[in-house]
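**Student:** Fold the following for me, if possible:
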Amino acid sequence: MEGWYAHNATLIMLGAQERIVGTVARPSMLPWMFRLVPSLAKAETLDPGNLNAEELLSLHPDLVFVTSSSHSADALKRAGLNVAPEGFDRFDAMLDCVDGTATLLQTSIAAKRAQAYRIAFLQAVSQAPTDPQGPRVLHVESLKPLRVDGDDSIIDQWIRSAGGRNAAQGVHGNKQPVSVEQVLAWNPDIVIVGANTGDPAGLKQDPVWSKVKAVQSGRVYRNPAGLFPWDRYGPELLLQVIWARQIVRTGQVDVPSMIRSIRSFYHEFYGIALSARDAQRMLEALPPSDTP
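**Tutor:** Down below sits the predicted model:
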């Protein structure tokens, strides 16, 4: 039973997709996940804001994953459910989450992939040293309403891992509301917008955004997304580190190399044979071509 959007991608990576009997994930929100993992469509759709113990019990789950900040965890435990709270805001804690989930699943494929993923992730991060004088990067989770990601977040860590500095000074945590005037005051060198925020091309016509250094210099990028948005709390953070490093250091992506990395990643860690066309659509933050 999966009560955290991001953790679905971890369960799938660890080979447990056929065992997910209920999930908060929805095709409209995560189209690649449901396209590439069709068995997920058989799972019961759960309300993330109201995980009902009676409903969950009727599905007879062995494990119920929820966010560690969930207020329902204790109530679900009292109802007799085996609850596993998950959450992290650092790379090392993410790797621990993957390992811990593999231990709970108790399968050879889960153990094998968790170990391989840890090795690959640490290798990728080791090739991306931080730079205290690097360009200032603003990560925008939503344009309307305007929300950004500050420190105490996995986003802050991958920005620094890529050689940048988080431009959202004084902002703590994920998805924090700010004014566009505050963005102008920060005047970031680079702006990265989440895959689901829409096309950022219109920022050039906005009277305030058009004054921001990143917009004026054409350094506004739309974050890729796959089974889950790469920039947030799933295993695709490995791809995010590789992509963000190119953006921060060179201002552009080596598309053929990135497509090879994408296809290799999904094959190795998800057992998915991704076409070059689908990899390119992920890179461009586009949904599957057959999405309604």
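
**Student:** how about the strands of this structure, start to end?
**Tutor:** Secondary structure of the chain (DSSP state E): strands located at 22-23, 44-45, 64-67, 83-86, 136-142, 147-148, 165-166, 176-177, 190-193, 220-222.

**Student:** Just list the residues touching Tyr270, thanks.
**Tutor:** Tyr270 is in contact with Ile12, Met13, Leu36, Leu227, counting by CB atoms under 8 Å, 6 or more residues apart in numbering. Placement of C-beta: from N, CA and C, glycine included.

**Student:** Most widely separated two among those residues?
**Tutor:** Met13 and Leu36 (11.6 Å; CB to CB).

**Student:** center of the protein - which residue?
**Tutor:** Nearest to the mean C-alpha position of the chain, counting by CA atoms, centre = their mean, stands Arg232 at 2.8 Å.

**Student:** gap between that one and Ala167?
**Tutor:** Using CB to CB, to the nearest Å, Arg232 is found at 18 Å from Ala167.

**Student:** Could I get the full set of helices for the protein?
**Tutor:** When assigned using DSSP state H, the helices of the chain occupy the ranges 7-13, 31-36, 53-58, 73-78, 91-105, 108-126, 154-161, 180-186, 213-216, 237-250, 255-270, 276-283.

**Student:** Kindly present those helices as TSV, with separate columns for mean pLDDT.
**Tutor:** Putting those into TSV (pLDDT from 0 to 100) gives the following:
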stretch	mean pLDDT
helix 7-13	95
helix 31-36	96
helix 53-58	89
helix 73-78	88
helix 91-105	95
helix 108-126	96
helix 154-161	94
helix 180-186	97
helix 213-216	97
helix 237-250	95
helix 255-270	97
helix 276-283	97
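
**Student:** domain parsing for this structure?
**Tutor:** 7-124, 136-283 (automatic domain parsing).

**Student:** so of these, which one's packed in deepest?
**Tutor:** domain 136-283 (a mean of 19; mean count of other CB atoms under 10 Å).

**Student:** mind checking how far that domain is from the chain centre?
**Tutor:** Distance, stretch centre to chain centre, for domain 136-283: 10 Å (CA atoms, centre = their mean, to the nearest Å).

**Student:** Just the endpoints, please. Distance across it?
**Tutor:** Domain 136-283 has an end-to-end distance of 22 Å (CA to CA, to the nearest Å).

**Student:** Mean pLDDT and distance to Trp32 added to the strands of the chain, as JSON lines?
**Tutor:** As requested, the strands of the chain are exported to JSON lines (pLDDT from 0 to 100; distance: least, CB to CB, whole Å):
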{"stretch": "strand 22-23", "mean pLDDT": "92", "distance to Trp32": "15"}
{"stretch": "strand 44-45", "mean pLDDT": "91", "distance to Trp32": "17"}
{"stretch": "strand 64-67", "mean pLDDT": "90", "distance to Trp32": "20"}
{"stretch": "strand 83-86", "mean pLDDT": "90", "distance to Trp32": "21"}
{"stretch": "strand 136-142", "mean pLDDT": "96", "distance to Trp32": "19"}
{"stretch": "strand 147-148", "mean pLDDT": "96", "distance to Trp32": "23"}
{"stretch": "strand 165-166", "mean pLDDT": "96", "distance to Trp32": "27"}
{"stretch": "strand 176-177", "mean pLDDT": "96", "distance to Trp32": "27"}
{"stretch": "strand 190-193", "mean pLDDT": "97", "distance to Trp32": "18"}
{"stretch": "strand 220-222", "mean pLDDT": "96", "distance to Trp32": "15"}
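
**Student:** okay, those in a markdown table with distance to Tyr117 next?
**Tutor:** Formatted as a markdown table, the strands of the chain follow (distance: least, CB to CB, whole Å):
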| stretch | distance to Tyr117 |
| --- | --- |
| strand 22-23 | 21 |
| strand 44-45 | 28 |
| strand 64-67 | 18 |
| strand 83-86 | 16 |
| strand 136-142 | 23 |
| strand 147-148 | 29 |
| strand 165-166 | 25 |
| strand 176-177 | 29 |
| strand 190-193 | 24 |
| strand 220-222 | 25 |
